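Undergrad: Below: sequence and its predicted model.
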Amino acid sequence: MRRKERSAAACGCMRQKICERRSAQREMTLAELPVGTSATILKVMPHWRGRKKFADVGIVPGTELLMEAHAPFGGLMRVRVMETSMALHRDDAAHVMMRRMEAAE
Amino acid sequence: MKKCFTIVLAGNPNCGKTSIFNALTGARQHVGNYPGVTVESKIGRFSLNGTEILLIDLPGIYSLSSSSPEEEVAFRELTKPGVDLILNVVDSTIPRRSLYLTTQLAELHIPMLLAFNMSDDADRKGLKFDLPKLERCFGFPAVRTVGCRSGGIGQLLDALGTALKKTESRTAPALSYGADIDASIGKIANAIAPLAPERFRHIPARFFAVKLLEHDACVRNLPEFRSVHPLVGNEIRHLLEKHAIDTDTFMADRRYAILAGACRNAIGMTGERRREISDKIDAVMTSRYIGLPLFFLIMYATFWLTFTCAEPLMGIIEEVFAALAGGVKMLWPETTLPYLRSLLADGVIGGVGGVLVFLPNILFLFLAIAILEDSGYMARAAFVMDGVMRRFGLQGRSFVPLVLGFGCTVPAIMATRCIESERDRKTTIMVLPLMSCGARLPIYALIIPAFFAAEYQAFVMWLIYLIGVGIALIAARIMKATLFKGDGEIYLMELPPYRMPTLRSLLLHMWDRAGMYVRKAGTIILATSILLFICNTWPEKTAFSKDYDKAAQLVNGNPALSGDARENALSALENEKQAELMEYTISGRIGHALEPLFRPIGFDWKLTTASIGALAAKEVFVSQLGILYAEGEADEDSVPLREQLIRNYTPLQAFCIMLFCLLSIPCFATLAIMRRELNSWKLTAAVAAGMFLLAYLVTFLVYQAGSLCGIGTALAG
């Protein structure tokens, strides 16, 4: 998997394809969750310094999240957590592992 | 019953806490800063059935876990002895999240009243609350409130009255985190019970035990509990190894699980009408493609409101002050105490009036900001701008203040309060003076037409502004990489549902900021105007290089001069006399003394003196230069002053003047507000010194390089 990612980084179109394939899988990070889909939190990476802050707003295993939108120019994403819209950063979202309710497509 | 009670108002961000605070205290509130941080503190008073009540509004927090300056402040305030009651505001539309904080507050064993706010919105969403059940579950009384309308406040006051009568009994059912964790908590609590310092006697040891298990920074840093750290470490390891429980997040997990249970029993959902309208607006406002254009449109509307609508009012204020100064001069005969007379008329009224002229701007600007803030758009603006600003080490919320900086730095610095991250806020404040403010415009307007051909004028102006912005962004990057180094706070911002702002809160907000501005004008500006006036007047020269009175008589007696020519000759004489007076005064002498320092950047003593005047307000540079060049009170349209400048300076020097004025120490008003908002004399002094050095270095390089290459060194005239 790791090697695949590295080679994908070299080629933009390849990366697109891999992203698509991964989103069809049942597990992914929150950063990869496509806009308009929802998934359940599987775990938040241990030893990551933001996990407590995330836990306090309800980003704990078992919560359902909905990816609402991406901000222009990368960076932020809008996620629905417990009926509130939260803006968080893509780099931080990569520390949250998700499981899709039903396999896509 | 006690005569005076202290109530602390706690709740999530955007839960309607502030509107409850405003409804309870009205205008009887004091806004300040907590010591050492830039978190806003709000204290208000009101009386209830004859008892005086002190209401402390905490910053909005999600949790008591000290992961942000706000949470640390809340922790400190809540654990202070003497808190009689916590008024916990709960957003009824999102009970699960809002009650999370409640579970932690409950552990403090301080009497609490739950206010289920925005219950009308919850009704509309179809949420049904069983309050008696919730009261039993948490062990605290609960009341429904509406929040944005002060009409529903009666019930809250009644409930507060009842709750305050029962403040003696301090019991609450302990939350159970599960047998294994509870055992660990019990062990630690037993160990720290005898260690608790006097000031924490009223807080149960169990609270601290939970916080220690959670790795809470605030509690871990308490020296009193240091001796139990090994025990806590053991327990954490034990839980992790034996039960695979990671205490960091497990507590949060448990709390949410407890809440889910409580909510299932006590809160019923009928119909799932969620925040539909808000979501539809957001789909447009935060869209990837039109989000940014819409933001710029809204910004434009804000500026239009600030500058265009305020203009007529500014004219009126200007006239009032001119009339006031004229009136004083008329009523006060020139012969009695002439110094005091001119100090009052020119120094005080002129100086303070010059600042109060901007009051309409401030009012309209903060009205616009209050609308954006209260409606919930500000969070969206930050969301769409974040990607762009992050490249410069800033964040989305920094953008609005930075753009406001083109108007006036003072309100722009006040507007940085919407930036939550302390480091980002400080960085933004410190680079703000580099955004070329409106007061520097007269300087450019004086110099550019004098030295640059018409086709280059706009370009030079643009270049100056661009240099300011460029250096500001670079400075922000450097500051984030050095002074405010390290991983920032984890970015997490709530986008609250859109709401209609209430007139009451808009007016309170405006009143607040305008009051701050007027107070500033009344103190610091008053003081600097007097100081500057003294520096520009004393010591008075009595022995002149020539006898002006005699010369005036000669002119008057000269029959060859016509009326106009005589007027001109007389005013020329008067101006020359003024210039000589100015050179003799403290400012003139300082200018002379500092001339060697400023020579390498192309300044003579006149420019140096004018730069000192610019410390009071940037536009004073122009009027000071006018006096020095014996053209009387000059403004930027002054043609004779321009001719004088052309005769004396090269275009390179002119450019250096503008560069120096742009980059140098901001005006005293800016420094004063900076001190207030940064909450630090040291940082403010550092900004002043840093900007002077920056201005000097840049101007030095430009002047020396220009001189070396022979660019623009020929006299223009």
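TA: Happy to help now that I have it. Only a predicted model underlies this, so the values are computations on that prediction, with no experimental measurement involved.
Undergrad: Smallest gap between chain A and chain B, at which residue?
TA: Taking Cβ to the nearest Cβ, chain B has its nearest neighbour within chain A at residue A:73, 3.0 Å off. Any C-beta I mention is one placed from the backbone N, CA and C, and that applies to glycine too.
Undergrad: The spatially most central residue of chain A: what's it in contact with?
TA: When Cα atoms, centre = their mean is applied to chain A, the residue found nearest the centroid is residue A:30 (1.3 Å). By Cβ atoms under 8 Å, 6 or more residues apart in numbering or on different chains, the residues touching residue A:30 are A:39, A:41, A:65, A:67, A:79, A:93-94, A:96-98.
Undergrad: go on, residue B:262?
TA: B:99, B:134, B:137-138.
Undergrad: Thought residue B:385 was touching the residue of chain A closest to chain B, still the case?
TA: No: contact status for residue A:73 versus residue B:385: not in contact, 9.1 Å apart, counting by Cβ atoms under 8 Å.
Undergrad: With neighbour numbers in mind, choose between the two.
TA: residue B:385 (27 against 16; other Cβ atoms under 10 Å in any protein chain shown).
Undergrad: list the contacts for the residue in chain B that chain A sits nearest to?
TA: As assessed by Cβ to the nearest Cβ, chain A sits closest to residue B:387 within chain B, at 3.0 Å. Shown in contact with residue B:387 (Cβ under 8 Å, 6+ apart): A:71-76, B:396.
Undergrad: Relative to residue B:13, how far out is the closest residue to residue B:176 other than its chain neighbours?
TA: Once flanking residues are discounted, residue B:176 sits nearest to residue B:182: 5.9 Å by Cβ to Cβ, 6 or more residues apart in numbering or on different chains. Residue B:182 sits 31 Å away from residue B:13, taking Cβ to Cβ, to the nearest Å as the criterion.
Undergrad: With residue B:600 instead?
TA: On the measure of Cβ to Cβ, residue B:600 and residue B:13 end up 52 Å apart.
Undergrad: So the two - more neighbours on which side?
TA: residue B:13 (17 against 13).
Undergrad: Point out where chain A drops to low pLDDT.
TA: A:1-25, A:74, A:101-105 (pLDDT under 70).
Undergrad: Which positions in it make contact with chain B?
TA: By Cβ under 8 Å from any Cβ of the partner chain, the residues of chain A that approach chain B are A:44, A:46, A:49-58, A:60-63, A:68-76, A:78, A:81-89, A:92.
Undergrad: Thought residue B:4 was touching residue B:82, still the case?
TA: No: assessed by Cβ under 8 Å, residue B:82 is found out of contact with residue B:4, at 9.9 Å.
Undergrad: which of these two has more neighbours?
TA: The neighbour comparison of residue B:82 against residue B:4 (other Cβ under 10 Å) goes to residue B:4, with 12 against 9.
Undergrad: Now that one. Nearest residue, chain neighbours left out?
TA: Counting by Cβ to Cβ, 6+ apart, the residue nearest residue B:4 is residue B:52, at 4.6 Å.
Undergrad: List the buried residues of the strand or helix carrying the one you found.
TA: Following DSSP states H and E, one finds residue B:52 within strand B:51-57. Counting neighbours by 16 or more other Cβ atoms under 10 Å in any protein chain shown, one finds that the buried residues in strand B:51-57 are B:53-57.
Undergrad: So which elements touch it?
TA: In terms of contacts (3 or more Cβ pairs under 8 Å, 6 or more residues apart in numbering or on different chains; DSSP states H and E), strand B:51-57 is packed against strand B:4-11, helix B:17-25, strand B:40-48.
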